[in-house]
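Visitor: got a structure for you, letters missing:
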Ligand SMILES: C[S@@+](CC[C@H](N)C(=O)[O-])C[C@H]1O[C@@H](n2cnc3c(N)ncnc32)[C@H](O)[C@@H]1O
């Protein structure tokens with residue numbers, strides 16, 4: 001379904017929430033908002049599955065409708081892998097469960113800050129860190145690090161605070177059919193709930209947590225993805 005949530009002028013802009021109205025249009029919304037989203041998801045799946053053991057354990061944190069989970073399932077032939085896909089929006093998790101019926105996946109309705117991470121061979125955090133309180137981000141990454149096996153992979157994808165690309169990103173959204181009003185109203189809705197970090201904030205945090213390999217493997221305008229290894 002086409003995203004028209006901010007098409008008409010709202011008298012009051014409520015904070016953005018991953019509720020049923022967003023669930024209904026989410027694939028269209030994210031595809032028209034994040035440059036290269038499909039490529040990023042597909043290739044992050046390949047990075048995760050490349051060395052995944054036949055009984056590998058993967059976490060998809062902030063899974064939404066399970067796009068990353070789905071590519072990992074599609075790209076991994078092993079029937080004994082296990083994916084724990086977590087989101088705190090019950091509308092997202094309900095729809096994800098309807099869309100993906102595979103015994104290798106366990107969808108969990110939970111705050112990612114509370115979910116235990118154990119014996120992880122890979123963890124995917126695609127566009128979730130930016131929705132956590134700033135002071136929780138390092139704690140969250142430390143928890144993930146502790147729950148990862150040695151040599152395990154972490155993918156972190158985020159919008160990056162890089163003012164030089166803001167207007168081109170908005171132009172790209174206009175090319176994709178969003179109007180100035182839609183862009184402005186969505187920006188207001190996200191203002192308090194999606195707080196983005198700079199590239200150097202991310203890199204410093206990854207280092208402080210202790211990751212031994214840190215590489216930016218994807219970048220388009222103000223969107224990036226990092227491959228980290230314990
Ligand atoms: C931008 S979406 C993620 C997109 C998804 N990873 C993908 O690539 O399709 C952010 C998701 O994180 C979830 N989320 C935000 N804060 C969360 C939290 N504290 N715990 C669990 N999920 C959270 C939201 O409900 C939403 O589904």
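Guide: Cool, the structure landed. It should be emphasised that the depicted structure is a prediction, and the values quoted were computed from it without experimental measurement.
Visitor: Only C-alpha atoms from now on, for both contacts and neighbour counts.
Guide: Noted.
Visitor: can you point me to the longest strand in the protein?
Guide: Longest strand of the chain, by residue count under DSSP state E: strand 148-159.
Visitor: Can you pull the residues of the chain lying near the ligand?
Guide: Taking C-alpha under 6 Å from any ligand atom as the criterion, the neighbours of the ligand within the chain are 18, 62-64, 67-68, 87-89, 110-113, 126-128, 131-132.
Visitor: give me every residue that touches residue 192.
Guide: Contacts for residue 192 (C-alpha atoms under 8 Å, 6 or more residues apart in numbering) come out as residue 15.
Visitor: Sorry, slip of the keys, the one I care about is residue 109.
Guide: Residue 109 neighbours (C-alpha under 8 Å, 6+ apart): 86-90, 93.
Visitor: Now intersect the residues you listed with the strands, please.
Guide: Per DSSP E, the contacts of residue 109 map to strands at 86-87.
Visitor: Helices along this structure, start to end?
Guide: 20-33, 37-49, 67-75, 90-99, 137-147, 166-175, 180-190, 199-209 (DSSP state H).
Visitor: any idea of the mean pLDDT in the fifth one?
Guide: Taken as a whole, helix 137-147 has an average pLDDT of 98.
Visitor: coming back round to it: can you say which of the residues of the chain next to the ligand are buried?
Guide: Neighbour-count burial (16 or more other C-alpha atoms under 10 Å) is assigned, among the residues of the chain next to the ligand, to 62-64, 67-68, 87-89, 110, 112-113, 126-128, 131-132.
Visitor: Among these, which one lies nearest to residue 229?
Guide: Sorting these by how near they are to residue 229, with C-alpha to C-alpha, puts residue 126 at the top with 15.9 Å.
Visitor: beta partners of that closest one?
Guide: residue 157 (DSSP bridges).
Visitor: what's it in contact with, if anything?
Guide: 61-63, 155-158.
Visitor: Read off the pLDDT value for the residue nearest to the spatial centre of the chain.
Guide: With distances taken as C-alpha atoms, centre = their mean, the residue of the chain nearest its centroid is residue 126 (2.0 Å). Each residue has a pLDDT score; the one for residue 126 is 98.
Visitor: ok, so what distance separates it from residue 64?
Guide: Going from residue 126 to residue 64 by C-alpha to C-alpha, to the nearest Å gives 10 Å.
Visitor: repeat for residue 23
Guide: 8 Å.
Visitor: Which neighbours do these two have in common?
Guide: In contact with both residue 23 and residue 64: residue 92, using C-alpha under 8 Å, 6+ apart.
Visitor: what angle do the longest strand of the chain and helix 137-147 make?
Guide: Angle, strand 148-159 to helix 137-147, by axes from the mean of the first three to the mean of the last three C-alpha atoms, to 10 degrees: 150 degrees.
Visitor: What are the buried residues along strand 148-159?
Guide: 148-149, 152-159.
Visitor: Could you find the closest non-adjacent residue to residue 150?
Guide: residue 230 (5.5 Å; C-alpha to C-alpha, 6 or more residues apart in numbering).
Visitor: same check, this time on residue 186
Guide: residue 6 (6.5 Å).
Visitor: in terms of contact, does that neighbour touch residue 182 like I think?
Guide: Yes - applying C-alpha atoms under 8 Å, one finds residue 6 in contact with residue 182, separated by 4.7 Å.
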